[in-house]
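Engineer: With the sequence up front, the predicted model follows.
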Amino acid sequence: GDCGEVIGRSTSEPKTRLLCKFPKFCRVELLHSQVKLQLPGGFCVGDAVICTIDFQHELGSVSVGDCGEVIGRSTSEPKTRLLCKFPKFCRVELLPSQVKLQLAGGYRVGDTVIANC
């Protein structure tokens, strides 16, 4: 899908629609379910991720290989960090380089594969 920007509230259905702009549409009202928030590194809310760092804090910890989920944008650095949750750390802000996208079958972006068919 095309990348666009939320520019305001819908005038027709403000509780369910957003006013957005895209390269080919300067003003379009869309249901909030028709768009996804794009986060740093191209991640989206709901993406399954694998942690690539060890980090401990009084609120929790993450280790290399921990599986988690992107739950939103960072509150402190929304343009550069992701808000993620892991089993031992329910809200941690990480750089996109500190997580990897988890794909079906446990594969990771960059894995070398051989076709089986």
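Structural biologist: Received it, and whenever you're ready, just let me know what you need.
Engineer: If we ignore the residues flanking it in sequence, what's nearest Ser76?
Structural biologist: Sequence neighbours aside, Glu93 is the residue nearest to Ser76 in space, at 6.2 Å (criterion: CB to CB, 6 or more residues apart in numbering). The way it works is simple: take the backbone N, C-alpha and C, and place the C-beta from them, glycine included.
Engineer: I figured that neighbour hits Glu77, correct?
Structural biologist: Yes: between Glu93 and Glu77 there is a contact at 6.9 Å, judged by CB atoms under 8 Å.
Engineer: those strands in the protein, which residues are they?
Structural biologist: Secondary structure of the chain by DSSP state E: the strands cover 5-9, 17-22, 25-31, 48-51, 55-57, 60-62, 67-73, 82-86, 89-94, 99-101.
Engineer: just to revisit the earlier point, between Glu93 and Glu77, which is the more surrounded one?
Structural biologist: Between Glu93 and Glu77, counted using other CB atoms under 10 Å, the more crowded position is Glu93 (17 against 12).
Engineer: List the residues that contact that one.
Structural biologist: Ser74, Thr75, Ser76, Glu77, Arg81, Leu82, Leu83, Cys84 (CB atoms under 8 Å, 6 or more residues apart in numbering).
Engineer: No further questions, thank you.
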